[in-house]
Every structure is written in structure tokens, then in C-alpha cells.
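*Asks:* 3D model of this:
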Amino acid sequence: MNRPPASFLELELVSNLKANNQLAFSKLYDQYAAILLGVITKIITDKTEAVVLLETTFRRIRLQLDQFRPDKQPLFLWLLQIARTTALDALKERQQVKAAVLQLAETGKVVSPVWQKTTSTSSIDNHTDSVDPQLKALLDAILFKNCTPEEAAASLGLPVETVRQQLRVAMQQLRTISRT
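*Replies:* Model (predicted):
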């Protein structure tokens, strides 16, 4: 039996993807996920983070599908470019987070290394006691116990949306404290 040329199959897959065909997305994932994960893993060595970035890559693929032009480049190269960009963005974001070294102790006080202490940071230490104890427990669960908002909600016995709102409030309080 004669098989259609690969370019024809690729065009058919792309047209099905653009038509929002779920089966086409499954086929795309099955065909390219392992390769794209390998590319992401070369940039981000943490396997768990790489898998999350693979999911982000496929979300970006879905969102940017209208921008793909089969006459300009092969599908694989386009997918590869999105995966690589996603991983590099995550790496850049990670490096920016490392640059801003600011930590919270389990008591809720802001801790920073001695070489970064300024008068404004030490004044933060004096004001963090004004953060609500329930909000401190929430921050502790998310920041120190590595919980997701959903896990923190379950451990604190609160609805997830309430936890998300309280997390926003806690972050606003910390921002307000840091400005004084």
C-alpha cells in the first residue's frame, strides 16, 4: 500500500490542528512530546520542571497555531523553536528570581543575607509581625512546605478560592510593609 508523502500528512495534521480537532492534538503530542521534552531537558535539567514546561509548550503551540506557516518552515522546526523558547524563558525567569534574594522565615519575618541588609530591610523585620497569623500559616504552607494553593487549602481546611484571595492579601501586606 502506498503511503502519502510526509509533507501531505503534515499539512493534514496542521489543518486538523487549526480546526481544533482534539484527536489531532493527541497525535501531535504522541508524535513530538518525547523529542520536545528532550530539548527542554537539555536546557532545564530538573525533570519535574521540564515536564511542566512541556505542558506549557503545548499550550503555547495551541495558542500560536494561527501563526504557523507551513510554507515558511517545517512543523517540527516550529515546535522545536517554541519548546526552546519556553525553556529559555523559564531559565531566564529562574535567574531573575535568584538575583532577588529575599526569604521569609517560618515565623513570617523577612530574612536576607547580612551583605544585603539595608536600613529598609531591617525595618521590614520589625513590621512583619503585623501580618495576620492565618496569612502567615498560608505563606508558610506555600513557601516553606512547597504546597500548591490547592494543597494549602486542604491542609488549612479552607476553600481553594479563599486561599488564593488570602494569598493575594498576604502578598499585598508584605509589599506594604516593605515600602514603609
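*Asks:* list the buried residues of the longest helix anywhere in the chain.
*Replies:* Ranked by residue count and defined by DSSP state H, the top helix of the chain is helix 75-99. Within helix 75-99, the residues scored as buried using 16 or more other C-beta atoms under 10 Å are 75, 78-80, 82-84, 86-87, 90. C-beta: built from backbone N, CA, C; applies to glycine.
*Asks:* for it, name the packing helices and strands.
*Replies:* Packing partners of helix 75-99 (3 or more C-beta pairs under 8 Å, 6 or more residues apart in numbering; DSSP states H and E): helix 6-18, helix 22-43, helix 47-64.
*Asks:* which residues does that helix contact?
*Replies:* Helix 75-99 has contacts (C-beta atoms under 8 Å, 6 or more residues apart in numbering) with 10, 13-14, 32, 35-36, 39-40, 43-44, 49-50, 53-54, 56-57, 60-61, 64, 68.
*Asks:* with adjacent residues omitted, what lies nearest to Thr41?
*Replies:* Ala50 (4.7 Å; C-beta to C-beta, 6 or more residues apart in numbering).
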